[in-house]
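Asks: Below: sequence and its predicted model.
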Amino acid sequence: MLREKRPSRAPGARAVALAAALLLIWVGTGFAQEKAPLPTNNRPEADAHFEAGLIDLESVRQKLDSAIAQHQQAVKIRPDFADAHFYLGLSYHMKAKLYGDKQLYKEATKGYRRYLQIQPKGPHATQAKQNIRFIELNNR
């Protein structure tokens, strides 16, 4: 039986997609809001899920660091590699959202701008422009 070949993804794209999903979940949960205390009889199970979530979050942070390092290597080897610049910017952008670090937002913007210099009408051009606008509006 022949299996259908799946299109290949850019290196680190899976980690970036996972981080994006977790980030959307994190942002949507409203951490800043106070929640009513839950009954204590569920405490051990809740603690176990909480600890597992912390482990997963740390894994996402490590995956983002790895994605950044890999994309940096790609653009160092091939400076005109547009997709690597876009995903480098995206990786920095996600990490910046996790840490709230303005320097990381600047790095994200550099990646997006370099992508647009190389491929102004490329498949990620609209997203790159939107992300630059978002960063500029929210980090004045």
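Replies: Yes, it's here.
Asks: Which helix in this protein has the most residues?
Replies: For the chain, the longest helix by residue count, based on DSSP state H, is helix 43-77.
Asks: So for it, mean pLDDT?
Replies: Along helix 43-77, the predicted confidence averages to a pLDDT of 94.
Asks: Show me which residues of it are buried.
Replies: Within helix 43-77, the residues that qualify as buried by neighbour count (16 or more other CB atoms under 10 Å) are Val60, Lys63, Leu64, Ala67, Ile68, Gln70, His71, Gln72, Ala74, Val75. C-beta here means a position set from N, CA and C on the backbone, and glycine is covered the same way.
Asks: now do stretch 126-135
Replies: Of the residues in stretch 126-135, those scored as buried under the neighbour-count criterion (16+ other CB under 10 Å) are Ala128, Asn131, Ile132, Ile135.
Asks: Can you show me the helices along the protein?
Replies: Counting by DSSP H, the chain has helices at residues 13-28, 43-77, 82-99, 102-118, 125-138.
Asks: Can you pull up the most central residue in the chain?
Replies: Met94 (3.3 Å; CA atoms, centre = their mean).
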